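Asks: I would like the atomic coordinates for the input below:
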Amino acid sequence: MKIEEYWNDIDIRLEELAINGFVKLPSLDKFDLDFIANDISDEMGISTFKELGSHHQKFLDNLQVDKHLTPKLFELAKKMFSYKGDLSNQYHVARKVEPGNSKEMFRAHFDSHLFTMVLPIKIPDATEGGTAGDLIFFPNVRKAPSNEISNFIGKAFYKKYASKEGMDSFSLKNQSKIDDFRDYQPLLFIGNTTLHTNYPVSNNCSSYRLTLLAHFFDPSPKYGVGGLLRLIRNR
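Replies: Numbers count the residues shown, from 1 in each chain. This next block holds a predicted model:
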């Protein structure tokens, strides 16, 4: 498959993103994902998160994200959110969750960036009764924050749902969507209006779970809520 074919209907998909708050992209199953996962995992070592390593960057380059997706998202950001920042305002991080990791589950949050893309690279199998880190998300569950104060207050308010019990309670009144990514289709959603979290990667899973998270265009100041959280994570 020529890489241009992967992006041939991106305009239609971005229209769906604008309407529904999320959209699925074509499957990555034509790539040698096992090979890519091994390279990125080796580069990460025992870390759960790593900001844009060389193999991560190579995959994004091969997918030609900056050519076919980023400029279109930039125009959408200006049109939908009156975004006035730079095209280069992006944050890319790999997330690797080992089976039994009890910290990386039910951490419900909003992203500070306008758009978030989840690229599934290695999705493990789980035996009956277990879970493999499926994404739980609630598109358009809040309005886009008008300023940094409303962003902070909103993030703080929804923190009470950052647990299994909190998610169960929130799901009673709000329609959740769940993506297990076994189709290896990336998910693109509006990051700062979509509450999202993950199920656990159970002890019985066949391997670690590896996803690449691409965040585009943080409208907050450099040292706003999102910037400070990223600074803490990368220490």
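
Asks: Cross-check Val118 against the secondary structure; I expect a strand.
Replies: Yes - under DSSP: H, G, I helix; E, B strand; the rest coil, Val118 sits within a strand.

Asks: The residue nearest to the spatial centre of the chain: what's its closest spatial neighbour, skipping adjacent residues?
Replies: Centroid-nearest residue in the chain: Val118, 3.9 Å away (criterion: CA atoms, centre = their mean). Sequence neighbours aside, Leu187 is the residue nearest to Val118 in space, at 4.7 Å (criterion: CB to CB, 6 or more residues apart in numbering). In this view, the C-beta of every residue, glycine as well, is placed from N, C-alpha and C.

Asks: ok, what's across the strand from that neighbour?
Replies: Following DSSP bridges, Leu187 is listed with bridge partners Lys24, Val118.

Asks: burial count for it?
Replies: Using other CB atoms under 10 Å, Leu187 has 21 other residues around it.

Asks: contacting residues around it?
Replies: 22-25, 117-118, 135, 137, 179, 181 (CB atoms under 8 Å, 6 or more residues apart in numbering).

Asks: Show me how to select, in PyMOL, the buried members of these.
Replies: In PyMOL, a selection of the buried entries from those looks like this (16 or more other CB atoms under 10 Å):
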select buried, resi 22+23+24+25+117+118+135+137+179+181
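
Asks: Spell out the residue ranges of the helices in the chain.
Replies: 3-6, 10-20, 33-44, 54-63, 65-68, 70-81, 148-158, 164-173, 225-233 (DSSP state H).

Asks: who wins for proximity to Asp111 among the ones you listed?
Replies: Counting by CB to CB, Asp111 lies closest to helix 225-233 out of those; the figure is 7.1 Å.

Asks: mean confidence for that closest one?
Replies: Mean pLDDT, computed over helix 225-233, is 50.

Asks: right, and Asp179 touches Leu135 too?
Replies: Yes - under the criterion of CB atoms under 8 Å, Asp179 makes contact with Leu135 at 4.8 Å.

Asks: Just tell me which of the helices of the chain ends up closest to Thr197.
Replies: Comparing the helices of the chain by CB to CB, helix 164-173 comes nearest, at 6.4 Å.
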